[in-house]
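Asker: no FASTA, just this:
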């Protein structure tokens, strides 16, 4: 059973563990500062003839990698919760169509893996499910093709632009002990601050991240200090600055005076080296926070370097058509509180 | 709490009621055989300047219509589960961005409203949520533009083609008594039988519908006779024939000998008059089963004309790009067992 706390947050009375994770990324991600933490590297095209098939192969290979790490068979998995950024979420449905596992498709843009953890831990708390796999993927080339311009065109990108991560990640949530514990989750609301620049998604998502983090802390009566780290993905460098400023304005300081650094970290800002790799504002895409959480942060929890973290997946709700029609880009963020065991 | 039965089915130990529904449809749906049951009719463009904005307005107007029928305020709704067929599910996120309600985006193609009922009733069974709104929408013109050809071109359609329904529907699931009861839900698997014809989605979805119905009946040890009606959406006329044949081959006869008619009914086959309205194989789109269930079948349950039904939402997992790349069209179906009170 879960218990509602305040307005948007649920504490898990039935324990939900993140038993295992897997992440496969592309070469740019492997060359980045977190390269050593990923399970596997594959070319962006993953030896497939289209970017769409390549992204789907990232998804299927990551699912098999995850299943290979655990003692469960596919019939022991109650449900997969998955989504991606391609039109009609095709990477997930093509990548997982041979899994033989009951499937619930999600759409949360880059918040997908957090939406999966929120939903999955509540499904396990409903009592009937014991093992739920959450997955998310993105691919630089399939995303550029879908949302921006042909890669071959080599168009110039403004400094606020983010680079879509090529990668997929999977998490096994389980009621059986092992791995860090998901203690509470916060379901986010759609926010809209009239951002219309698809090359500045960080600014569109930062208010949603702030809204959800503040809701989470308020619902549970906590200060940011309660967590060793508040991790967003993927605001990038631009959006991270906006988030810290908004939080400050609302009286929640994300700067850790003792450690002289920000308690807030962003997966998009961490996955690439912006100077060496020329990745402007940082990484983005469903695969970014998914792969960084599944590899780097998951290991920090396992090694005891981090005890309590809040993982906040942020999504920019936009389509190529909505941008061309000058619709504003709404944001959404879901939060998951995780404790090392 | 929910209890797992067999492999894919969950019975609700905590009662989940469908407290209220709302459906707004377009003129073609209003002129069809079920026209009298819908709450409201609006032009396909809903006085908006783009088809995308029109579909989003169907969503927002339906949400407000639903909220206007119930005594709850938006802050009493724990969560909205919604999705649609537009790229990146923009109808739902634009249509609901001002709702102020925590939001989880789904992608299940035409199975979306069933996926919402499955997920929503399990979320309520997790104990923390009491009121969940499920929504789905589609629009003939936005779907044609996305998936097929410009409407103005007037291209000829094969007889297996389906007409996307213009409409949106919303359901309030609640732990507070009132309205029919969701007794159990079955989470479907992705099936793929190598169908590549986007004008024959019924054939792509029928195996998924059969797979989920058989799983549901097997998990609960039931025969089709247990239900007064087994309702799919949206297989259309072609897909309905395929489903009945597959079920027969597996020893599940969907023909009711006593009433001399099929126990199986399909929302896509029912919403239009195929001869008068020239709608070929019938209706489709997330809004089809959503609006037909929310209006016609919901009222049949309220009036006591139907006591026990199984609602099976079927989705064709495809995108314009996947079809052009000759990917097969996978299918998925989720089932919801509902009893009149």
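Answerer: Arrived safely, thanks for sending. Keep in mind the model is a prediction, meaning the values are calculated, not measured.
Asker: which residues in the stretch 101-250 of chain A form strands?
Answerer: Secondary structure of the stretch 101-250 of chain A (DSSP state E, counting those that start in this stretch): strands located at A:103-105, A:131-138, A:163-164, A:167-174, A:181-186, A:229-233.
Asker: Tell me which strands the shortest one pairs with, and in which orientation.
Answerer: I take that to be strand A:163-164. strand A:283-284 (parallel) (DSSP bridges).
Asker: for the partner strand, what is the average pLDDT?
Answerer: The average pLDDT within strand A:283-284 is 94.
Asker: Which secondary structure element of chain A has the lowest mean pLDDT?
Answerer: helix A:140-147 (a mean of 88; mean pLDDT, DSSP states H and E).
Asker: What about residue A:273, how many residues nearby?
Answerer: For residue A:273, the tally of surrounding residues (other CB atoms under 10 Å in any protein chain shown) stands at 13. (C-beta placed from N, C-alpha, C; glycine too.)
Asker: what helix or strand does the residue nearest the centre of chain A sit in?
Answerer: For chain A, residue A:289 is the residue whose C-alpha lies nearest the centre (CA atoms, centre = their mean; 3.5 Å). Secondary structure assigned from DSSP states H and E places residue A:289 in helix A:286-292.
Asker: re earlier: so who does the closest residue to the residue nearest to the centre of chain A other than its chain neighbours touch?
Answerer: Excluding the flanking residues, the one nearest residue A:289 by CB to CB, 6 or more residues apart in numbering or on different chains is residue A:233, at 2.4 Å. By CB atoms under 8 Å, 6 or more residues apart in numbering or on different chains, the contact list for residue A:233 reads A:110, A:114, A:266-268, A:288-290, A:292-293, A:311-314.
Asker: ranges for the helices of the stretch 151-300 of chain A?
Answerer: Applying DSSP state H, counting those that start in this stretch to the stretch 151-300 of chain A gives helices spanning A:201-220, A:236-249, A:267-270, A:286-292, A:298-302.
Asker: Deepest-packed of those, please.
Answerer: helix A:286-292 (a mean of 37; mean count of other CB atoms under 10 Å in any protein chain shown).
Asker: quick one: contacts of that one?
Answerer: Against helix A:286-292 from outside (CB under 8 Å, 6+ apart): A:23-25, A:29, A:34, A:38, A:58, A:83-85, A:109-110, A:112-114, A:135-139, A:164-169, A:231-234, A:267-268, A:270-271, A:311, A:313-314.
Asker: at 6 Å what do you get?
Answerer: A:23, A:25, A:84-85, A:110, A:112-113, A:136-138, A:165, A:167-169, A:233-234, A:267-268, A:271, A:313 (CB atoms under 6 Å, 6 or more residues apart in numbering or on different chains).
Asker: do stretch A:81-96 as well
Answerer: A:55-56, A:59-60, A:80, A:104-107, A:112, A:116, A:119-120, A:134-135, A:137-138, A:142-143, A:286, B:87, B:107, B:317, B:319, B:322, B:330.
Asker: For the stretch 101-250 of chain A, what lies in contact range of chain B?
Answerer: Applying CB under 6 Å from any CB of the partner chain, we find that the stretch 101-250 of chain A lies next to chain B at A:102-105, A:107-108, A:115, A:122-123, A:125-128, A:187, A:189-190, A:192.
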